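# could you look at this predicted model? Sequence included:
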Amino acid sequence: MSRSRILASGFGVYCLGSLALNLALHADGSIPQEHAGWSPIVALFVFVVPVAVVLLWHLPRHPVTVILAVYVGGQVTGLVLGSLLLAVWGDRPLGYDSARLGNALWALSLPLLPLLIMVFPDGVPEGRWCRVFHAQVAAVAVLAVTALVDSPDDGFHPVVAVLSAVCGVVLIGTAAVAAVRLGVRAVRDREVRGEVATFAVAALFIVSTYVVVAPLSLVLPGLEKLAPIVFPVVVAALPAAIGYAVLRHHLFGISLVLSRLLVAAMSTLVIAVIYVAGVLAVAAAFGVPGGSLPAVLVPAVLVAFVILPAYRGLQAMVARAVYGTRGDPLAVLRTLSQHLAQASPEDVPDRIVHVLRESLRLPWVALDVEQDGTYTRAAEQGVRDASSPVERFDLSYAGGVPGHLLVQSRRGERTLGRLDRRLIRQVADQAGAAVAAAGYIGELTLSRERLVLGREAERARLRRDLHDGLGPALAGLTLALTAARRILRSDPDTADILLQTAQTEAGTSWADVRRILDDLRPPGLEELGLVGALEERGRALSRPGEFTVTVAADGLPPLPTAVETAAYRIALEAMSNSARHAYARRCAVAVTADGQLHLTVEDDGAGLPAQPIPGVGIQSMHARAADLGGLLRLGLADGGGTRVVADLPIQAVP
């Protein structure tokens, strides 16, 4: 066993033994009744001593540990010494030396509280705050010296009184500044708020007691009746706040094992103290010996039927505060189902993460969701600790993994416990279906939006073709027929020419109608297939000596109709853009398949502008690829010009 653990064990035995002696002296009436107000202080230190023992065991050199241990040791020693002297001497004067010793113990204990406020939780401060800490140490040293060299029996020397007053003002003033500083830090810094908030409240209470309550008690005599209540709280508030931070927030990285031992030790000690007090109370009330059957049996019944159930309830409350509802998986799953029933698809990841983190009191939880073969962060709550490992739990649904739950264990725990893992796996099983359903709903909504956009784009293109091509042609045909009818009898030759012109325009209009109909349903796909239809369209767009379209394909398998139609429409739009707008001399179309259909259309034209604005045609190509779950990329070709690449899945499309 190391020196620090031997020191911690010895310190704990000494302090608890001293407190037990104090309780025994108070219980058997050895202490005069007017001094019975010490009993609450003794009882409170039963809870404070284990905190100092745990810190000495785990962090023996930390400034908080050193100051707290000296403070607790001084207080306990002063209590036991005072009780022994009162038990032996009663109210008789104890002499000059005993008074000096009592003053020294007081000076080495209570004035340490401002130092404890200054060093919590990071240790000795730096910079100007370090100078404030040194001033506090000097003030405590002066108080200790004055307590040793002077005695209150004959009245303090004026110089000693002035020095003590100055040191008291310095300690209370610096403690007030440190408490306010700690409170501001608790408000601003969320990462340490849980660790320092309770301590900051206790520090502000102590400072306000000395600054407000103590002066008022001098002018308001009724306030002095509060001293038996306020003073014990002042003595034990800061150590108790440190103990709360150790238990609840695992302050200084103290493991949960030590925290559990501390809870068990404190609980056992409390039950033992209650039992002993009950035995003594029964013996005193009924005038029977302490070892008689009634004196032993009555407190035992009280402990068995009242204290133990209350202890179990308190233990359950502590477990719920630290571990959440992990002991009740049905409650967690019920809460999850209620949240998911009220959540929109986009809120599902946030609800899952929130329920899991709050139910298990975890510091950090995240959810990664699968999108297009990769996992992206969909939700995250809490503060991630870079030094703590992250554990991953796969969500499962229909043989797939729609996402991952990422979890960090609580502070002070190296890994998650067995109950935590089991509950997280149950949550992952339930959340998998919800995440997958939310993804399907999102994809369905996006697909419907794309269908609407594609339909509107087709309508706009059809309207443009009818307005720009067929409409003017039919209007010209009507004018020609009207003119021919007017001059048919007076000038037959001119009427014949107009009729020939109308006949030509009618043929052109019919060709436009055929073109529009062919655009609505690609011609030749059923007879010629995708490659044949693209070659035929390429020949129609080619202009000898000016623009040439080539089509290359390599062993295409039978393709679904939807894939053929989408590929043809995308290629046709890309070839038409090259022929009309790109100032290109050639356009090459390549079609391959390897589980997906890969379509590439590349020209040697002017290329894309620096900031291209997608038009109806480009949006239509993107929509056609996305409707099949594919991807379309638009960029620059190697030698200049434009390259359009479409990857369309084959197996997933009927």
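Good, I have the coordinates. Residues are numbered from 1 along each chain as shown.
# those strands in the chain, which residues are they?
364-371, 374-382, 390-397, 400-408, 548-553, 586-593, 596-603, 631-636, 642-649 (DSSP state E).
# pick the most deeply packed of the ones you listed.
Comparing the strands of the chain by mean neighbour count (mean count of other CB atoms under 10 Å), strand 596-603 ranks first with a mean of 23. For glycine as for every other residue, the C-beta is placed from the backbone atoms N, C-alpha and C.
# which helices and strands sit right next to that one?
Helices and strands touching strand 596-603, by 3 or more CB pairs under 8 Å, 6 or more residues apart in numbering; DSSP states H and E, are helix 561-580, strand 586-593, strand 642-649.
# try it again with 10 Å
Judged by 3 or more CB pairs under 10 Å, 6 or more residues apart in numbering; DSSP states H and E, strand 596-603 is in contact with helix 525-541, strand 548-553, helix 561-580, strand 586-593, strand 631-636, strand 642-649.
# between the longest one and strand 586-593, how many degrees?
Helix 561-580 and strand 586-593 are oriented at 170 degrees to each other (axes from the mean of the first three to the mean of the last three CA atoms, to 10 degrees).
# on contacts alone, who are the packing partners of helix 561-580?
helix 418-465, helix 525-541, strand 548-553, strand 586-593, strand 596-603, helix 616-627, strand 631-636, strand 642-649.
# closest one to Thr565 among the ones you listed?
Nearest of the helices and strands packed on helix 561-580 to Thr565, taken as CB to CB: helix 525-541 at 7.0 Å.
# dump the closest one to CSV, restricted to CA.
The C-alpha trace of helix 525-541 is given here as CSV (Å, rounded to 0.1, in the frame of the first residue of the first chain):
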residue,chain,number,x,y,z
LEU,A,525,-36.1,2.6,-78.4
GLU,A,526,-38.3,-0.6,-78.7
GLU,A,527,-37.1,-1.3,-82.3
LEU,A,528,-33.5,0.0,-82.3
GLY,A,529,-32.6,0.0,-78.6
LEU,A,530,-30.7,2.7,-76.7
VAL,A,531,-27.6,2.7,-78.9
GLY,A,532,-29.5,2.6,-82.2
ALA,A,533,-31.8,5.4,-81.1
LEU,A,534,-28.8,7.5,-80.0
GLU,A,535,-27.0,6.8,-83.4
GLU,A,536,-30.2,7.8,-85.3
ARG,A,537,-30.5,11.0,-83.3
GLY,A,538,-26.8,11.7,-83.7
ARG,A,539,-27.1,11.5,-87.5
ALA,A,540,-30.1,13.9,-87.4
LEU,A,541,-28.1,16.4,-85.4
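# now do it against strand 596-603, angle only.
Per the same axes, to 10 degrees, the angle that helix 525-541 makes with strand 596-603 is 10 degrees.
# what about the stretch 551-654 of the chain, any weak spots by pLDDT?
Regions of the stretch 551-654 of the chain meeting the criterion pLDDT under 70 cover residues 610-611, 651-654.
# now the helices and strands packed on helix 561-580 in JSON lines, with distance to Leu356?
Putting the helices and strands packed on helix 561-580 into JSON lines (distance: least, CB to CB, whole Å) gives the following:
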{"stretch": "helix 418-465", "distance to Leu356": "6"}
{"stretch": "helix 525-541", "distance to Leu356": "49"}
{"stretch": "strand 548-553", "distance to Leu356": "52"}
{"stretch": "strand 586-593", "distance to Leu356": "44"}
{"stretch": "strand 596-603", "distance to Leu356": "37"}
{"stretch": "helix 616-627", "distance to Leu356": "33"}
{"stretch": "strand 631-636", "distance to Leu356": "33"}
{"stretch": "strand 642-649", "distance to Leu356": "34"}
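# can I get the strands of the chain in CSV with distance to Phe199?
Converted to CSV, the strands of the chain look like this (distance: least, CB to CB, whole Å):
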stretch, distance to Phe199
strand 364-371, 24
strand 374-382, 22
strand 390-397, 30
strand 400-408, 25
strand 548-553, 76
strand 586-593, 69
strand 596-603, 62
strand 631-636, 56
strand 642-649, 60
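# now stretch 507-515, how far from the centre of its chain.
Per CA atoms, centre = their mean, to the nearest Å, the displacement of stretch 507-515 from the mean C-alpha position of its chain is 65 Å.
# got the buried residues for it?
Within stretch 507-515, the residues scored as buried using 16 or more other CB atoms under 10 Å are 509, 512.
# and it, average pLDDT?
The pLDDT scores in stretch 507-515 average 75.
# check stretch 50-57 too.
Stretch 50-57 shows a mean pLDDT of 81.
# extract the C-alpha trace of that stretch and format it as CSV.
Output in CSV follows, covering the C-alpha atoms of stretch 50-57 (Å, rounded to 0.1, in the frame of the first residue of the first chain):
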residue,chain,number,x,y,z
PRO,A,50,-15.2,10.5,3.9
VAL,A,51,-14.8,13.2,1.3
ALA,A,52,-11.4,14.2,2.7
VAL,A,53,-10.4,10.5,2.9
VAL,A,54,-11.3,9.8,-0.7
LEU,A,55,-9.4,12.9,-1.9
LEU,A,56,-6.3,11.9,0.2
TRP,A,57,-6.6,8.4,-1.3
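# what's the burial count for Thr77?
17 (other CB atoms under 10 Å).
# please report how far it lies from Asn22.
11 Å (CB to CB, to the nearest Å).
# what of Ala139?
Per CB to CB, Ala139 is found 29 Å from Asn22.
# now do Cys15
Taking CB to CB as the measure, Cys15 falls 11 Å from Asn22.
# any common contacting residues for the two?
Common contacts of Cys15 and Asn22 (CB atoms under 10 Å, 6 or more residues apart in numbering): 45-46, 76, 79-80.
# show the pLDDT at His34.
Just so we're on the same page, residue 34 is Glu rather than His. You'll see Glu34 listed with a pLDDT of 49.
# same question but for Cys167, I mixed them up
83.
# tell me, how many residues neighbour it?
What Cys167 shows, counting by other CB under 10 Å, is a neighbour count of 22.
# report the contact partners of it.
Contact analysis of Cys167 by CB under 10 Å, 6+ apart lists 107, 111, 135-136, 138-144, 146.
# how about 6 Å then?
By CB atoms under 6 Å, 6 or more residues apart in numbering, the residues touching Cys167 are 139, 142-143.
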